[in-house]
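Based on what follows, work out the 3D shape:
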Amino acid sequence: MIVNITGFIFFAGLLSYFQIRQILAKEGKKAAIVYGCLMGLASFIGLLLIAGVDIPSQNMIITRIFAPIGKTLLGK
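Below is the predicted model of the structure:
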């Protein structure tokens with residue numbers, strides 16, 4: 001498992017390094033920051049999945065937000 005995590009970190013870091021360099025040259029600093037944040041979040045979630053941590057489904061979060069709105073609108 002440690003080899004998988006290390007390989008994943010190396011690959012994600014290498015990919016991010018080249019992508020951020022390219023984005024900085026073409027799009028600018030703001031786009032590179034957005035990419036870095038999204039890639040960091042995706043890498044963190046990927047590391048948790050590799051480590052075998054149970055991650056709750058995003059459907060539960062969306063349901064908790066929009067179910068009361070739907071019930072209010074439909075009157076159920």
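
What are the boundaries of the helices in the chain?
Taking DSSP state H, the helices of the chain run over residues 2-26, 29-51, 58-74.

Quick one: neighbours of Ala32, just the number.
A count of nearby residues for Ala32, using other Cβ atoms under 10 Å, gives 19. Yep, even glycine has a C-beta here, placed from its N, CA and C like the rest.

That one against Ala25, yeah?
No: using Cβ atoms under 8 Å, Ala32 is not in contact with Ala25, being 9.4 Å away.

Mind putting the helices of the chain into JSON lines with mean pLDDT?
Formatted as JSON lines, the helices of the chain follow (pLDDT from 0 to 100):
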{"stretch": "helix 2-26", "mean pLDDT": "94"}
{"stretch": "helix 29-51", "mean pLDDT": "94"}
{"stretch": "helix 58-74", "mean pLDDT": "86"}
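
what about Ser57, how many residues close to it?
Residues near Ser57, counting by other Cβ under 10 Å, number 8.

ok, now the one 10 residues further on?
The burial metric for Ala67, expressed as a neighbour count using other Cβ under 10 Å, is 10.
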